[in-house]
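[1] no FASTA, just this:
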């Protein structure tokens, strides 16, 4: 529970106000639960501040995150708080590679298209909070160049916060990020034969 | 990313349907960020299922979690999804002990009163999801008896899911819980003098 008090005062020439409004990059990684869930929880705070929020789902399955999506869309449409745009990288897109049909773009193409959209939105300062959900996967697989991502994030204008989730986030990204949390699985009911449950897993 | 498939099929005499509806106890612990945030993210899924949700804040400060509270209250009042009751253990209650005034109840008393309320609600099957936020603290400090909590949770009726958050959750609780995630702090901007930010920390 950080108390809002930094443990050191940096010698960076910034005022307290400037430091309070520094755009941040968060990474939630590791094998445990809660990486995306915590990112959507963070979006609740952003919504409460009236910030425009852009969610980019880089991994999709039939029913995952429909709860978060419905909740955030409902909040975005409530007339209070911020707006919410929810982008899915190619509807029905899955991170499990299959042979693309003639003329069909591959998952790799779709992930890159998603990143190109994020770049355009960052350049236009379209959102105040970006949730790049499961974005660590296309980076880990080399579909998208981590060095380019870091360069784009480093040069983004204004005060745009970015949360990246997913297992196996590249070390260079962790080195660049302002806040890194690793979720460690201590115990999971599926290890003991528990089935995924509605309301819990999706 | 669990796929909803258990890694073993248990020999517990339960049907798949029974296993799908097993009431679960989650613990989010460890020194990293995201313990409470992931619990509120989980509440979004529960809301989307139309479940009644009870949040019990065992630790409160002036501005923490106001974003999550406003968002969940807005969702609960939206006419879609489930209901949300948000309980604060004694308004203004803080986990930092101070000398109580004459006749004023102590933090320890207030934490126990909160737990008594949770017990009544569990017995009445009032909620389908309970977020016992920062409940690990009064357990860790011995204000509330962990063995009693485990006994009450073990015997709770119906299908009531319970999420407990907080650093230093007692080992007995971790042993009892169905799902334990430890949030590990890899890097935090306050270590480098970053101030807590509106929309990010609260």
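    On my side now, so go ahead. Keep in mind that this is a model prediction, so the values were computed, not measured.
[2] same for the top helix by length along chain A, what does it pack against?
    Counting by DSSP state H, the longest helix found in chain A is helix A:107-123. The contact analysis (3 or more C-beta pairs under 8 Å, 6 or more residues apart in numbering or on different chains; DSSP states H and E) places helix A:107-123 against strand A:53-57, strand A:129-133, helix A:136-140, helix A:146-154. All C-beta spots, glycine's among them, are computed from the backbone N, C-alpha and C.
[3] does any bit of the next helix or strand after the longest one sit next to chain B?
    Of the helices and strands lying after helix A:146-154 in sequence (DSSP states H and E), the nearest is strand A:161-165. Yes. Contact check for strand A:161-165 against chain B, using C-beta under 8 Å from any C-beta of the partner chain: residues in range are residue A:161.
[4] show me what strand A:161-165 is packed up against.
    With contacts taken as 3+ C-beta pairs under 8 Å, 6+ apart, strand A:161-165 sits against strand A:25-29, helix A:35-48, strand A:129-133.
[5] that older thread, tell me which of the helices and strands packed on helix A:107-123 sits most buried.
    strand A:129-133 (a mean of 27; mean count of other C-beta atoms under 10 Å in any protein chain shown).
[6] figure out how far it is from the centre of its chain.
    Taking the mean of its C-alpha atoms, strand A:129-133 sits 3 Å from the chain's own mean (C-alpha atoms, centre = their mean, to the nearest Å).
[7] give the closest residue to residue A:81 in space, chain neighbours not counted.
    Nearest residue to residue A:81, sequence neighbours excluded (C-beta to C-beta, 6 or more residues apart in numbering or on different chains): residue A:47, at 4.2 Å.
[8] picking up where we left off before, need the helices and strands packed on strand A:161-165 in a markdown table with mean pLDDT and distance to residue A:59, can you?
    Below are the helices and strands packed on strand A:161-165 laid out as a markdown table (pLDDT from 0 to 100; distance: least, C-beta to C-beta, whole Å):
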| stretch | mean pLDDT | distance to residue A:59 |
| --- | --- | --- |
| strand A:25-29 | 95 | 14 |
| helix A:35-48 | 92 | 9 |
| strand A:129-133 | 96 | 7 |
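[9] would you turn these into a markdown table with distance to residue A:106?
    Output for the helices and strands packed on strand A:161-165, formatted as a markdown table (distance: least, C-beta to C-beta, whole Å):
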| stretch | distance to residue A:106 |
| --- | --- |
| strand A:25-29 | 25 |
| helix A:35-48 | 24 |
| strand A:129-133 | 20 |
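[10] show me where pLDDT drops low in chain A?
    A:1-20, A:60-64, A:90-105, A:188-195, A:202 (pLDDT under 70).
[11] rerun that using 80 as the cut-off
    Low-confidence segments of chain A (pLDDT under 80): A:1-21, A:59-64, A:89-107, A:185-202.
[12] what packs against the longest strand seen in it?
    In chain A, assigned by DSSP state E, the strand with the most residues is strand A:179-187. Judged by 3+ C-beta pairs under 8 Å, 6+ apart, the packing partners of strand A:179-187 are strand A:25-29, helix A:35-48, strand B:179-187.
[13] give the buried residues for the longest helix of chain A.
    Buried positions in helix A:107-123, judged by neighbour count with 16 or more other C-beta atoms under 10 Å in any protein chain shown: A:107, A:110-112, A:114-115, A:118, A:121-122.
[14] contacts only, for the closest residue to residue A:45 other than its chain neighbours.
    When the adjacent residues along the chain are set aside, residue A:45 lies closest to residue B:67, with 3.2 Å between them (C-beta to C-beta, 6+ apart). Residue B:67 is in contact with A:44-49, B:199, B:202, counting by C-beta atoms under 8 Å, 6 or more residues apart in numbering or on different chains.
[15] of all the helices and strands packed on helix A:107-123, which lies closest to residue A:177?
    Evaluated with C-beta to C-beta, the helices and strands packed on helix A:107-123 place helix A:146-154 nearest to residue A:177, the distance being 8.8 Å.
[16] for the nearest residue to residue A:147 once chain neighbours are set aside, phi and psi?
    Spatial nearest neighbour of residue A:147, excluding adjacent residues (C-beta to C-beta, 6+ apart): residue A:172 at 6.9 Å. Taking degrees, to the nearest 10, you get phi -60, psi -40 for the backbone angles of residue A:172.
[17] what's near enough to touch residue A:172?
    Residue A:172 sits next to A:146-147, A:150 when contact means C-beta under 8 Å, 6+ apart.
[18] in TSV: the contacts of residue B:67, plus neighbour count.
    Listed next are the contacts of residue B:67 as TSV, based on neighbours: other C-beta atoms under 10 Å in any protein chain shown:
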residue	neighbour count
A:44	27
A:45	26
A:46	26
A:47	28
A:48	23
A:49	18
B:199	21
B:202	18
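[19] re the thing from before, tabulate the helices and strands packed on strand A:179-187 (a markdown table), appending distance to residue B:138.
    Converted to a markdown table, the helices and strands packed on strand A:179-187 look like this (distance: least, C-beta to C-beta, whole Å):
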| stretch | distance to residue B:138 |
| --- | --- |
| strand A:25-29 | 27 |
| helix A:35-48 | 22 |
| strand B:179-187 | 19 |
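[20] of all those, which one comes closest to residue B:133?
    Evaluated over the helices and strands packed on strand A:179-187, closeness to residue B:133 peaks at helix A:35-48, with 11.5 Å, by C-beta to C-beta.
[21] between the closest one and helix B:35-48, how many degrees?
    Helix A:35-48 runs at 80 degrees relative to helix B:35-48, counting by axes from the mean of the first three to the mean of the last three C-alpha atoms, to 10 degrees.
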